[in-house]
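Asker: Turn this into a structure:
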Amino acid sequence: MPVLNRIADYADDLTAWRRHLHQHPELGLDCHKTAAFVVERLREFGVDEIHEGIAETGVVAIIRGQGAGGCTGLRADMDALPMDEMTGADHASTIPGRMHACGHDGHTTMLLGAARYLAETRNFAGSVALIFQPAEEITGGGRIMVEEGIMDRFGIDEVYGIHTYPSAQEGTMLTRPGPILAAVDDYEITIRGKGGHAAHPDECIDPLIATTAIHQAFQTIVSRSVTPTDPLVITVTQIHGGSALNVIPDIATMAGTVRCYSEEVRQLAERRIRDILKGIEITHGVQVEIDYQYGYPATVNHGPQTETALAVAREVVGEGRVDGDAPASMGAEDFSYMLNARPGAFLFLGQGVGPSCHHPAFDFNDTVAPVGASFFARLVETRQPVVR
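Answerer: Numbering: from 1, shown residues only. Now for the predicted structure:
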């Protein structure tokens, strides 16, 4: 793969950095040691500015190029997941109950590789903002960094991100204009009835029957309330109720997730869910409460920026190894907040088919780190060429 020669020269460093990060995973906004490692490397590279403590542990570094120009933002997430690792690797997590199961250690490494190259060469006009973000998996560190004003504070014009993709061939790149990842919302529902002996259901108001009716009715939203060409997923992931074989409980609970690409569908889904719950209350004589939480919005790539990103990807990995019409996913990403604030694009980097993200056997493929770093670097050089 035609990665930049200078980046290829320090591929071993990238591997060492990534494996160090993998061994020391941190969660949510509490990425203090990871941020300190990032800052230490950035200082070694000689970047022009380092700004710490954004979204608690986020870091933004600025590298200035040659002459006046715009500012491209490059983002990597730093946090891990609360799960035990089963890779058996020599560099496995040293902290029980935490692991880098989504490749954020690799994302951080790729951006550090690009930072080193850009600080050495400075073959671009304007500046580049390197965004190291905590709490992608929970909380939404991307949202917090945007709300804390990084786009205006650092004059960021466009923003780009990469995510590893263990379902694609090693060294391929995939993206698409428009929605590429879904909005994700969560709900928790409490159904209150009247418990009693299972031998006398006529003396009870059974919340479990109502729960079953809710579960079935939710599927009619997808099949009957939304056009079939506008994707929507409503999934019930939890149902709890009862503690004995011969007792009808007073209370049952259920919870799940709603995912779609359109804000209109997002609002329609919530409205229909609430309508159904009102009807269930009347039909079954129960009381129903819902806690409905809007999560990350859809990740929507901007057309011109996606085309530029695809052109750079073809240069780095080769024409036949780039898919510019990749299928959108119902997964979610808080990079969506950055794309809502500035134009840009989000891409996937194939690392070879293997265990999926969020699987205890997942491990980032170090071979592709120079590819991602080269993409980031060439993107800046392409988007902000030096006028000679």
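Asker: Worst mean pLDDT across the helices and strands of the chain, which element?
Answerer: Least confident helix or strand of the chain, by mean pLDDT, DSSP states H and E, is helix 5-9 with a mean of 93.
Asker: Helices along the stretch 201-350 of the chain, start to end?
Answerer: Secondary structure of the stretch 201-350 of the chain (DSSP state H, counting those that start in this stretch): helices located at 207-220, 263-284, 303-317, 335-341.
Asker: could you say what helices and strands the first one packs with?
Answerer: On a contact count with 3 or more CB pairs under 8 Å, 6 or more residues apart in numbering; DSSP states H and E, helix 207-220 meets strand 183-192, strand 232-241, strand 251-260, helix 263-284. Yep, even glycine has a C-beta here, placed from its N, CA and C like the rest.
Asker: Do you know the pLDDT at the most centrally placed residue in the chain?
Answerer: In the chain, the residue lying closest to the centroid (CA atoms, centre = their mean) is Glu333, at 2.8 Å. Model confidence at Glu333, given as pLDDT, is 98.
Asker: Over to Leu4?
Answerer: 82.
Asker: Of all the helices and strands packed on helix 207-220, which one is nearest Glu315?
Answerer: strand 183-192 (32.2 Å; CB to CB).
Asker: after that closest one comes which helix or strand?
Answerer: strand 196-197 (DSSP states H and E).
Asker: Direction included, what does that next one pair against?
Answerer: strand 247-248 (antiparallel) (DSSP bridges).
Asker: The partner strand: how far from the chain's middle?
Answerer: 42 Å (CA atoms, centre = their mean, to the nearest Å).
Asker: What of stretch 183-192?
Answerer: The answer for stretch 183-192 is 21 Å, by CA atoms, centre = their mean.
Asker: One more: stretch 194-206?
Answerer: 45 Å.
Asker: Over to stretch 375-388?
Answerer: 26 Å.
Asker: Enumerate the positions of stretch 334-346 that are buried.
Answerer: 334-339, 341-342, 344-346 (16 or more other CB atoms under 10 Å).
Asker: Show me the two of those that sit farthest apart.
Answerer: Top of the distance list for these (CB to CB): Asp334 and Ala345, 15.6 Å.
Asker: tell me the domain boundaries of this protein?
Answerer: Domain ranges of the chain: 5-181+298-383, 187-294, per automatic domain parsing.
Asker: which of the ones you listed sits most buried?
Answerer: For the domains of the chain, the largest average neighbour count (mean count of other CB atoms under 10 Å) is found in domain 5-181+298-383, namely a mean of 20.
Asker: End to end on that one, go ahead and measure it.
Answerer: 20 Å (CA to CA, to the nearest Å).
Asker: And stretch 57-69, by the same measure?
Answerer: 29 Å.
Asker: roughly how far is that stretch from the heart of the chain?
Answerer: 24 Å.
Asker: now do stretch 323-334
Answerer: Using CA atoms, centre = their mean, the offset of stretch 323-334 from its chain centre is 11 Å.
Asker: Kindly check the end-to-end length of stretch 246-256 for me.
Answerer: Using CA to CA, first and last residues of stretch 246-256 are 27 Å apart.
Asker: next one: stretch 80-94
Answerer: Across its full length, stretch 80-94 reaches 13 Å between end residues, using CA to CA.
Asker: So which elements touch the helix or strand encompassing Ala115?
Answerer: Using DSSP H and E, the element containing Ala115 is helix 104-121. Under the contact criterion of 3+ CB pairs under 8 Å, 6+ apart, helix 104-121 touches helix 5-9, helix 11-23, helix 32-45, strand 58-64, strand 71-77, strand 127-133, strand 158-165, helix 369-383.
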